[in-house]
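A.B. asks: need coordinates for the following:
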Amino acid sequence: MIVRRSAAVDGTARVGVRATAHVAVRAAVLAAVSATTVVIGTAVAPAALADDAASSASSSPSPAVPSGLYGSTDPTYDGVWRQSLALLAQHTVGVKPAAKAVDWLTGQQCADGGFAPYRADATAKCDAKTMVDTNNTAAAVQALAALGGHDSETGRAVAWLKSVQNADGGWGYVAGGASDANSTSVVIGALAATGEKPLDVTSKSGESPYDALAELSIPCGADGGGAFAYQPDKKGKLAANADATAAAVTGSLGKGFAGETVKPAGDGASCKAATGADPEQAAQNGAAYLAEALAKDKYLTSALPGSEDQPDFGNTADAVVALTTAGHADAAADSVSWLESNSAQWAEQSGPAAYAQLILAAHASGSDPRDFGGRDLVEQLGATGPAPQAAAGSTEESTAPSADEESDSDGPGVWWIVGVGLVCGIGVGFLISGRNKRQQP
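C.D. replies: Purely as a prediction, here's the structure:
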């Protein structure tokens with residue numbers, strides 16, 4: 001898990017490459033979707049699109065940030081995403097989020113169950129112009145299901161997700177969009193979080209989400225063998241994508257953003273031929289790809305067209321969760337140490353979703369998120385929004401300053417979901433995340 005994850009949004013931003021581009025790119029996505037009947041295909045959107053959107057976004061006035069929302073930046077394109085990750089991360093480490101933070105998230109839901117990235121007027125009815133999507137909906141489900149007591153909201157959201165499942169068993173970012181590994185994986189996490197068995201959630205043609213992921217898994221021995229592609233290209237060819245692989249490993253194992261700490265697998269990760277839709281083997285194959293990709297520099301990289309490859313902190317954190325969930329925490333150990341030493345500036349610039357990703361990676365790997373490279377990630381996350389309630393088993397209230405008291409430098413953060421490859425089938429090109437679809441580890 002995106003956006004994921006995480007193509008990711010404080011939302012999807014990663015340092016440099018994604019942190020500066022995500023809000024602009026996501027603006028281009030939603031603008032394109034609202035301007036056309038959306039049928040998603042695959043192509044590479046022009047780099048100029050991100051530049052134009054960035055210029056437009058930077059010149060537009062930012063709406064006021066609601067007091068219940070984490071982060072201090074414009075929530076238009078990532079409000080629900082960053083809120084969901086923040087709440088989930090707090091719950092994962094035993095912190096009870098502020099009631100008004102949870103209320104803000106539930107208040108964003110449309111009557112049909114779906115969630116849009118942000119609704120400034122949550123009292124207004126959602127209509128055809130409300131850009132609900134699978135990723136924000138599934139992220140909200142994961143957070144609310146973890147917190148408990150929100151069966152009505154999660155039930156309606158899951159019903160909406162099931163209603164927009166594609167014939168191949170997967171999901172695209174928007175209803176009707178071609179299935180991609182990231183979106184399918186974040187929905188799997190939502191299904192599992194609510195007690196559904198993803199294998200039993202099938203399309204009218206009988207395909208499950210695992211069938212969709214199997215179609216995006218690159219065979220062993222091929223270029224990028226073991227990895228997952230985000231989507232096939234126009235010719236149906238699959239290209240290895242580390243972000244999609246991290247999401248799909250966790251998804252293939254039926255887990256969400258938080259993953260799961262499991263007993264070490266024993267043998268090192270290796271790619272082996274799978275028969276049919278074997279999600280467990282597909283996950284192990286993806287883990288082998290990630291382990292090899294991380295072995296060289298300890299981190300994954302990403303780049304926007306025309307720029308140099310740069311460390312992708314969020315994607316590296318996602319890979320740590322994926323490897324740990326697949327039973328290969330040893331292959332992620334050096335990456336955890338690297339994140340401890342190098343992620344501080346990225347998290348500070350990117351905001352709550354980035355802190356959340358680091359917390360989830362630290363927790364999954366057995367590290368202490370309250371002493372991560374000398375930093376208390378839990379306190380830093382709490383300082384970006386309303387002060388959380390007492391931690392589980394504690395009678396003391398959190399003393400972390402809230403965003404109302406202390407402004408942070410929150411920028412677009414993690415969206416593990418999509419790469420630069422989403423394009424409207426009728427020719428409207430746009431990016432969902434500031435990630436190069438030709439991403440190299």
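A.B. asks: for A212, which non-adjacent residue is spatially closest?
C.D. replies: Here the nearest residue to A212 in space, its sequence neighbours aside, is G170; by CB to CB, 6 or more residues apart in numbering that works out to 2.8 Å. Yep, even glycine has a C-beta here, placed from its N, CA and C like the rest.
A.B. asks: in three-state terms, label that neighbour for me.
C.D. replies: Assigned state for G170: coil (three-state reduction, DSSP: H, G, I helix; E, B strand; the rest coil).
A.B. asks: from memory it sits against G177, does it?
C.D. replies: No - at 9.9 Å, G170 does not count as touching G177 under the criterion of CB atoms under 8 Å.
A.B. asks: shared neighbours, those two?
C.D. replies: Taking CB atoms under 8 Å, 6 or more residues apart in numbering as the contact rule, G170 and G177 both touch S183.
A.B. asks: quick one: which of the two has more around it?
C.D. replies: The residue with more neighbours, out of G170 and G177 and counting by other CB atoms under 10 Å, is G170; that gives 31 against 26.
A.B. asks: report the rounded mean pLDDT for stretch 90-109.
C.D. replies: Per-residue pLDDT over stretch 90-109 has a mean of 98.
A.B. asks: follow-up on the earlier one: ok, the residue nearest to A212 - contacts?
C.D. replies: For G170, the set of contacting residues under the criterion of CB under 8 Å, 6+ apart consists of S179, D180, S183, T184, P209, D211, A212, L213.
A.B. asks: now these in JSON lines, with neighbour count?
C.D. replies: What follows is the contacts of G170, written out as JSON lines (neighbours: other CB atoms under 10 Å):
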{"residue": "S179", "neighbour count": "26"}
{"residue": "D180", "neighbour count": "34"}
{"residue": "S183", "neighbour count": "36"}
{"residue": "T184", "neighbour count": "32"}
{"residue": "P209", "neighbour count": "29"}
{"residue": "D211", "neighbour count": "21"}
{"residue": "A212", "neighbour count": "28"}
{"residue": "L213", "neighbour count": "30"}
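A.B. asks: which of these sits closest to S67?
C.D. replies: Nearest to S67 among the contacts of G170: S183, at 30.8 Å, using CB to CB.
A.B. asks: so is that closest one in a helix, a strand, or just coil?
C.D. replies: Looking at S183 with three-state DSSP, the answer is helix.
A.B. asks: tally of neighbours for the nearest residue to it once chain neighbours are set aside?
C.D. replies: Computed as CB to CB, 6+ apart, the closest residue to S183 that is not its neighbour in sequence is W171, at 4.6 Å. If you count neighbours by other CB under 10 Å, W171 ends up with 30.
A.B. asks: what do you get for G385?
C.D. replies: The burial count for G385: 33, using other CB under 10 Å.
A.B. asks: ditto for E196
C.D. replies: Each residue near E196 was counted by other CB under 10 Å, and the total is 16.
A.B. asks: wait, what's in contact with it?
C.D. replies: Shown here is E196, whose contacts under the criterion CB under 8 Å, 6+ apart are V158.
A.B. asks: before we move on, what about G221?
C.D. replies: Contact criterion CB under 8 Å, 6+ apart gives C271 as the residues in contact with G221.
A.B. asks: I'd like the distance between it and A295.
C.D. replies: Per CB to CB, to the nearest Å, G221 is found 19 Å from A295.
A.B. asks: just S350 next, same as before
C.D. replies: When distances are taken as CB to CB, S350 and A295 turn out to be 26 Å apart.
A.B. asks: list the contacts for K263?
C.D. replies: By CB under 8 Å, 6+ apart, the residues touching K263 are G327.
A.B. asks: now with 10 Å?
C.D. replies: Contacts for K263 (CB atoms under 10 Å, 6 or more residues apart in numbering) come out as G327, A329.
A.B. asks: look up how far E348 lies from the residue nearest to S183.
C.D. replies: Separation of W171 from E348 (CB to CB) stands at 33 Å.
A.B. asks: repeat that for A291.
C.D. replies: Distance of A291 to E348, given as CB to CB: 29 Å.
A.B. asks: who has more neighbours out of these two?
C.D. replies: Between A291 and E348, counted using other CB under 10 Å, A291 has the larger neighbour count: 22 against 17.
A.B. asks: which neighbouring elements make contact with the helix or strand containing that one?
C.D. replies: Element membership of A291 [criterion: DSSP states H and E] is helix 279-297. Taking 3 or more CB pairs under 10 Å, 6 or more residues apart in numbering; DSSP states H and E as contact, the helices and strands that helix 279-297 lies on are helix 209-214, helix 242-252, helix 313-325, helix 329-342.
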